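Chemist: The amino acid sequence is not available; the structure is as follows:
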């Protein structure tokens, strides 16, 4: 049984539930800190799942054996259990999982938040590894990527920007968990990239100006691949749902959904 945090209830105004998908090393908690209550208070049913091997969701195989298709199946399992197909909202690696999910399933709408591009994370992986090359050589970053990404300097520079309060960075870093090296260093690197031409769902693509993973150019390329324009948020780092200013991100999603799901 996958662990799902489920808040709010569908209303006449917002009949379609929202399903949030977390990124690498994170869990449903990253949506529960702010977003789930925000959307529940506005009349949505808002759910966030823990992908297998994350949080309280069990995995029959070791985390490093999990594939991106396993994660897509997890999203499908939760979505299929809802009364109607949900809007799917994914962050970072979760955004890539959403893209793969949408190549196989229809959804009323989708939102990518600081998402991995459909072309994969090769460029971002090289940038982050080079920027923190001492840490990447010091840790078992290939077999245990958490050892690298949970290093204090790496965590701050990758997930947040320099002005983010220390307590927010520390709270996030303390809750990071293991991630599948197979997903990060095979599936999203070169093996199982996304196929935007198979996706017909309307997409909102959001990016952060100071993202430590994905550049504004990569966000723009993701938006082009899904035949839309990106919306960039200044002064924000990668974890847009946890940074100061997260309300403006949630407000934009709410407005976009309200206009498109009438």
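Modeler: Nice, I can see it. These numbers come from a predicted model, not from an experiment.

Chemist: And stretch 148-167, how far out from the chain middle?
Modeler: Distance of stretch 148-167 from its chain centroid, counting by Cα atoms, centre = their mean, to the nearest Å, is 17 Å.

Chemist: Mind listing what's buried along that stretch?
Modeler: Residues 148-151, 154-161, 164 are the ones in stretch 148-167 that count as buried (16 or more other Cβ atoms under 10 Å). C-beta: built from backbone N, CA, C; applies to glycine.

Chemist: Buried ones in stretch 39-55, by neighbour count?
Modeler: Using 16+ other Cβ under 10 Å as the test for burial, stretch 39-55 gives 39-40, 42-55.

Chemist: And the top helix by length along the chain, what's buried?
Modeler: Longest helix in the chain, counting residues (DSSP state H): helix 246-260. Using 16+ other Cβ under 10 Å as the test for burial, helix 246-260 gives 246, 249-250, 253-254, 256-257.

Chemist: so residue 256 sits right up against residue 204, yeah?
Modeler: Yes - using Cβ atoms under 8 Å as the test, residue 256 is close enough to residue 204 to be in contact (5.0 Å).

Chemist: Next, format the buried residues of stretch 148-167 as a markdown table and append pLDDT, distance to residue 30 and secondary structure.
Modeler: Formatted as a markdown table, the buried residues of stretch 148-167 follow (pLDDT from 0 to 100; distance: Cβ to Cβ, whole Å; DSSP: H, G, I helix; E, B strand; the rest coil):
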| residue | pLDDT | distance to residue 30 | secondary structure |
| --- | --- | --- | --- |
| 148 | 89 | 19 | helix |
| 149 | 90 | 14 | helix |
| 150 | 88 | 15 | coil |
| 151 | 86 | 19 | coil |
| 154 | 91 | 17 | helix |
| 155 | 92 | 13 | helix |
| 156 | 92 | 16 | helix |
| 157 | 92 | 18 | helix |
| 158 | 93 | 14 | helix |
| 159 | 95 | 10 | helix |
| 160 | 94 | 12 | coil |
| 161 | 91 | 17 | coil |
| 164 | 93 | 14 | coil |
